[in-house]
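**Q** sequence? don't have it. structure:
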Ligand code: NAD
């Protein structure tokens, strides 16, 4: 690794190269751009600034791998073993990867370490599942045998965001590989260094050329070229609704399928019998985790009026005690990803159409130039207030009062999004009723997991997108059904 650059902090950095057919190559034009660390706003690495020709090369490598290349000749068990090997390598390098993720994305090191465990888990879960997707036999007419087979799409494109770079890599790519697709990943320009390191580890694990290709670059150039590429067979996108629309249009033009995971405005509903001692720490963590830059962050807390004063007092005290700080061992809230994101979140805070309940701080030790934002909680918010409707993607919580169960359901369902929700009540019948009435893809009862475990199907409705990632559901997304009808007489 002696030719790898080393950062000021002693991190071994990936070189500004793409991974195409197991070779590390610069962008065709040789162009690169700087990577800034959100911790101090300083340049600390560079990545390849790829263009359409680099995407063409990556798609061609994937196509060759899928159409007769070594990848296509592996059994499902062999594919799974390679993935398990990659999972083990990620765990072996977990601390280095976590340090790199933290410097690249700004997230607290505790979060980055947890992310690496989850990333490894994706490859473990889907590696184990690779040979467990079986077909069906359909009873049909006498003299016929009908098989329903699950086939990979072919070449799959993966465009992922910057908020959980390594996790999103695993979440999007692992199920596609497990099904035998050959993949091209375009990670986010704001944070993609761990994706490149994991790409290197995939070569070390023994993946054949072209199974996993990575092209870095700008969304409106490399991302656009990948989403519009005529030789991809499926596209998986996580990011903003605005880009999600473009992806869906591009997929439609190519007559291919896509999954879209576009964020949310997820509610946590505290009914009058909620166990507040259990709920309040979870409500805070569901927002503060990753600086609120989580698609499934619990960004609205719906509070029964009888609990309002108690909840407000506790949230006020908690938020006033949180300071954004650099990624030291104890930090719970780091900087946001970029100067642009910081401006966006501060604009939401400054123009919030609800009273401010509390504001946290920024640690005096946080380096100058970093993208730190003090967390904020607002309330009582009208359900249709902008701060209670739009995805802020920062440490901003909207507190909304409600009167009864019907009111809570109406408010919870009253945004354009529908990703995750939580219900806090000890009433079993209410748990069932409300879970059924909520329009979203995941409901937690007396708990919250921002997306939950790797095993749990995850995705949304309406502006949160469509299709399911995680769990077995993702394997089905990355495959299609072929029905083989055999008239054997
Ligand atoms: P984005 O949608 O612009 O970027 C996500 C990914 O899409 C990146 O890899 C990017 O390079 C790529 N991309 C951008 N433009 C593209 C195009 N025209 N064609 C193809 N790919 C393209 O998201 P962002 O600008 O990084 O963040 C903006 C907002 O999006 C955030 O404030 C947040 O509200 C939301 N967001 C949601 C998620 C999520 O997990 N659902 C993640 C990141 C951002």
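**A** Thanks, I have it. Here the structure is a predicted model, which is why all the values come from computation and not from measurement. Residues are numbered from 1 along each chain as shown.

**Q** mind listing what's buried in stretch 141-160?
**A** Within stretch 141-160, the residues that count as buried by 16 or more other CB atoms under 10 Å are 150, 152-160. For every residue, glycine as well, the C-beta is placed using N, CA and C.

**Q** what do you get for stretch 371-387?
**A** By neighbour count with 16+ other CB under 10 Å, stretch 371-387 contains the buried residues 371-381, 383, 385, 387.

**Q** Mind checking which of the residues you listed are in strands?
**A** Using DSSP state E, the members of the buried residues of stretch 371-387 that fall in strands are 376-378.

**Q** Where does the stretch 351-489 of the chain get nearest to the ligand, residue-wise?
**A** Of all residues in the stretch 351-489 of the chain, residue 393 sits closest to the ligand, at 3.6 Å by CB to the nearest ligand atom.

**Q** Present the buried residues of stretch 371-387 as JSON lines; the columns should include distance to the ligand and pLDDT.
**A** Converted to JSON lines, the buried residues of stretch 371-387 look like this (distance: CB to the nearest ligand atom, whole Å; pLDDT from 0 to 100):
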{"residue": "371", "distance to the ligand": "13", "pLDDT": "97"}
{"residue": "372", "distance to the ligand": "17", "pLDDT": "97"}
{"residue": "373", "distance to the ligand": "13", "pLDDT": "97"}
{"residue": "374", "distance to the ligand": "18", "pLDDT": "97"}
{"residue": "375", "distance to the ligand": "16", "pLDDT": "97"}
{"residue": "376", "distance to the ligand": "16", "pLDDT": "98"}
{"residue": "377", "distance to the ligand": "19", "pLDDT": "98"}
{"residue": "378", "distance to the ligand": "18", "pLDDT": "98"}
{"residue": "379", "distance to the ligand": "21", "pLDDT": "97"}
{"residue": "380", "distance to the ligand": "24", "pLDDT": "98"}
{"residue": "381", "distance to the ligand": "18", "pLDDT": "98"}
{"residue": "383", "distance to the ligand": "20", "pLDDT": "98"}
{"residue": "385", "distance to the ligand": "17", "pLDDT": "98"}
{"residue": "387", "distance to the ligand": "14", "pLDDT": "98"}
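
**Q** Any idea how far apart the tips of stretch 161-169 sit?
**A** 9 Å (CA to CA, to the nearest Å).

**Q** what is the rounded mean pLDDT of it?
**A** Stretch 161-169 carries an average pLDDT of 97.

**Q** Can you give the distance from that stretch to the centre of its chain?
**A** Relative to the centre of its chain, stretch 161-169 is centred 5 Å away, using CA atoms, centre = their mean, to the nearest Å.

**Q** what about it and the ligand, any contact?
**A** Yes. Counting by CB under 6 Å from any ligand atom, contacts between stretch 161-169 and the ligand involve 161-163.

**Q** And stretch 223-232, by the same measure?
**A** Yes. With CB under 6 Å from any ligand atom as the criterion, the ligand is reached by stretch 223-232 at 223-224, 227.

**Q** Relative to the whole chain's centre, how far out is stretch 56-73?
**A** In this view, stretch 56-73 has its centroid 26 Å away from the chain centroid, taken as CA atoms, centre = their mean.

**Q** got the buried residues for it?
**A** 56-66, 69, 71-72.

**Q** what does stretch 75-87 give?
**A** Quick answer for stretch 75-87 (16+ other CB under 10 Å): 79-87.

**Q** just these that are near the ligand?
**A** Residues of these in contact with the ligand (CB under 6 Å from any ligand atom): none.

**Q** Most widely separated two among these?
**A** Across those, the longest distance by CB to CB is 12.9 Å; it joins 79 and 87.

**Q** Now the common contact residues for these two.
**A** Applying CB atoms under 8 Å, 6 or more residues apart in numbering, one finds that residue 79 and residue 87 are jointly contacted by residue 127.

**Q** Most neighbours among the residues of stretch 161-169 next to the ligand, which one is it?
**A** Of all these, the most densely surrounded is residue 163 (26 neighbours; neighbours counted as other CB atoms under 10 Å).

**Q** how close does the closest residue to that residue other than its chain neighbours sit to the ligand?
**A** Nearest non-adjacent residue to residue 163, counting by CB to CB, 6 or more residues apart in numbering: residue 293, 4.4 Å away. Distance of residue 293 to the ligand, computed by CB to the nearest ligand atom, to the nearest Å: 7 Å.

**Q** List the buried residues of stretch 354-366.
**A** Neighbour counts using 16+ other CB under 10 Å place 354, 357-358, 360-363, 366 of stretch 354-366 among the buried residues.

**Q** Can I get those in a markdown table including pLDDT?
**A** Putting the buried residues of stretch 354-366 into a markdown table (pLDDT from 0 to 100) gives the following:
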| residue | pLDDT |
| --- | --- |
| 354 | 97 |
| 357 | 98 |
| 358 | 97 |
| 360 | 97 |
| 361 | 95 |
| 362 | 96 |
| 363 | 92 |
| 366 | 91 |
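
**Q** Can you tell me which residues in the stretch 351-489 of the chain are near the ligand?
**A** Within the stretch 351-489 of the chain, the positions lying close to the ligand (CB under 6 Å from any ligand atom) are 391, 393.

**Q** hey, where'd the strands end up in the stretch 351-489 of the chain?
**A** Taking DSSP state E, counting those that start in this stretch, the strands of the stretch 351-489 of the chain run over residues 356-359, 361-362, 376-378, 396-402, 420-424, 442-445, 465-466, 479-487.

**Q** wait, which of those strands is closest to residue 304?
**A** Across the strands of the stretch 351-489 of the chain, residue 304 has its closest neighbour in strand 396-402 (6.2 Å, CB to CB).

**Q** State the mean pLDDT of that closest one.
**A** 98.

**Q** quick one on the thing from earlier: so of the buried residues of stretch 75-87, which ones are in helices?
**A** The helices, defined by DSSP state H, take in 79-87 from the buried residues of stretch 75-87.

**Q** The residue nearest the centre of the chain: which element?
**A** With distances taken as CA atoms, centre = their mean, residue 168 lies nearest the centre of the chain, 4.4 Å away. Following DSSP states H and E, one finds residue 168 within helix 165-178.
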